[in-house]
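**Student:** here's my sequence, what's the structure:
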Amino acid sequence: MELIVNGHPTYCYTGGKPFDAAKPTAVFIHGVLNDHSVWILQTRYVANHGWNVLAPDLPGHCKSAGEPPPTVEQAAQFILALLDAAGVSKAALVGHSLGSLIAVEAAARAPERVSQLVMVGTAFPMRVSPALLDSSVHQPMKAIDMVNVFSHSMLAPPPSALGPGTWLYGSSRALMRRVLASNPRVNLFYTGFKACDDYQGGEARMEQVQCATLFILGRNDQMAPPKAAQALIGKARQGQVVTLDAGHQMMTEAPDGVLFALKEFLKP
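**Tutor:** Residues are numbered from 1 along each chain as shown. Have a look, this model is predicted:
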């Protein structure tokens with residue numbers, strides 16, 4: 001599905017189902033050097049069980065045009081503009097990593113428009129080491145390799161989102177390289193990491209969220225360890241926590257665990 005958001009074409013995966021304004025809507029927001037495809041299992045299930053799904057490629061990523069948002073705040077405004085473009089007055093927001101910060105910022109800015117909030121692999125502050133920021137600019141392929149080591153706690157879990165025995169490092173590395181190459185004008189790697197590192201609003205914004213919040217955390221997550229989410233959890237008014245035996249990229253390492261957590265939480 002293509003929507004015009006802020007004057008630019010935006011691609012949204014819908015889980016293989018046509019958009020139906022009469023149904024509740026869930027928006028799935030990806031993280032740094034990812035795209036809509038990281039949610040493939042979860043979005044297809046949700047789309048086949050009573051929901052509209054909008055899983056966008058963020059601006060300037062892959063199938064979406066426009067300038068990549070350099071800050072979490074600007075990305076959150078994009079998500080709210082996306083709801084306007086789709087004619088959606090209220091939606092559940094599901095975000096992973098950088099996407100989780102975008103989701104909480106959007107939920108705080110327009111609490112009347114967010115029915116539920118899900119933060120997957122989140123942390124605050126979401127610091128990025130100076131060495132990794134530098135590598136994302138000067139040695140991006142090396143940085144991709146580093147991130148994939150930190151993001152996974154296993155090589156090929158049976159089953160995984162892409163099928164039993166999938167080589168998670170290889171598939172994730174290929175995705176990140178493809179996303180990076182999709183926009184030669186802007187370094188999407190550095191832009192995304194810098195947005196994470198610069199974001200200051202996490203705890204204050206969490207306090208402003210009015211809806212229930214689900215935190216899905218990876219017990220073996222080295223990019224965003226569960227302890228790094230505790231400040232946000234402590235500020236959530238109706239917070240629930242699910243911890244999975246997985247690393248940061250848990251949508252592929254523990255696809256069923258993420259799906260079951262969403263299934264229990266996302267009630268129309």
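**Student:** ramachandran coordinates for Cys62?
**Tutor:** Torsion angles at Cys62 (phi, psi; degrees, to the nearest 10) stand at phi 50, psi -110.
**Student:** show me where the stretch 151-268 of the chain has its strands.
**Tutor:** Using DSSP state E, counting those that start in this stretch, the strands of the stretch 151-268 of the chain run over residues 212-218, 239-244.
**Student:** just say which of those strands is most tucked in.
**Tutor:** Highest mean neighbour count among the strands of the stretch 151-268 of the chain (mean count of other CB atoms under 10 Å): strand 212-218, with a mean of 24. Every C-beta, even on glycine, is put in place using the N, C-alpha and C of the backbone.
**Student:** and that strand with strand 239-244, angle?
**Tutor:** In terms of direction (axes from the mean of the first three to the mean of the last three CA atoms, to 10 degrees), strand 212-218 departs from strand 239-244 by 20 degrees.
**Student:** what residues does strand 212-218 touch?
**Tutor:** The contact list for strand 212-218 (CB atoms under 8 Å, 6 or more residues apart in numbering) reads 104, 116-122, 153, 206, 224, 226, 229, 232-233, 236-248, 250, 253-254, 257-258, 261-262, 265.
**Student:** paired strands for that strand, with orientation please.
**Tutor:** strand 114-120 (parallel), strand 239-244 (parallel) (DSSP bridges).
**Student:** output the last one in CSV, but only the C-alpha positions, please.
**Tutor:** Pointing back at strand 239-244 there. What follows is strand 239-244, C-alpha atoms only, in CSV (Å, rounded to 0.1, in the frame of the first residue of the first chain):
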residue,chain,number,x,y,z
GLY,A,239,3.0,-1.2,32.1
GLN,A,240,3.3,-4.9,31.3
VAL,A,241,6.6,-6.7,30.7
VAL,A,242,7.3,-9.9,28.7
THR,A,243,11.0,-11.1,28.7
LEU,A,244,12.0,-13.6,26.0
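**Student:** can you list contacts of it?
**Tutor:** Contact with strand 239-244 is made by 212-219, 226, 233, 250, 254, 257-258, 261, 265, as judged by CB under 8 Å, 6+ apart.
**Student:** of all those, which two lie farthest apart?
**Tutor:** Greatest spacing in the contacts of strand 239-244, by CB to CB: Ala212 and Arg219 (22.6 Å).
**Student:** circling back to that earlier point, hmm, which of the contacts of strand 212-218 are the buried ones?
**Tutor:** Among the contacts of strand 212-218, those buried by neighbour count (16 or more other CB atoms under 10 Å) are 104, 116-122, 153, 206, 224, 226, 229, 232-233, 236, 239, 241-242, 244, 246-248, 250, 253-254, 257-258, 261-262, 265.
**Student:** quick one: low-confidence parts of this protein?
**Tutor:** Within the chain, the stretches with pLDDT under 70 are 268.
**Student:** which parts of it are helices?
**Tutor:** Shown for the chain, the helices assigned by DSSP state H span residues 40-47, 72-86, 98-109, 130-138, 140-151, 168-181, 188-198, 202-208, 230-235, 250-253, 255-265.
**Student:** which one of those helices lies closest to Leu3?
**Tutor:** helix 72-86 (4.4 Å).
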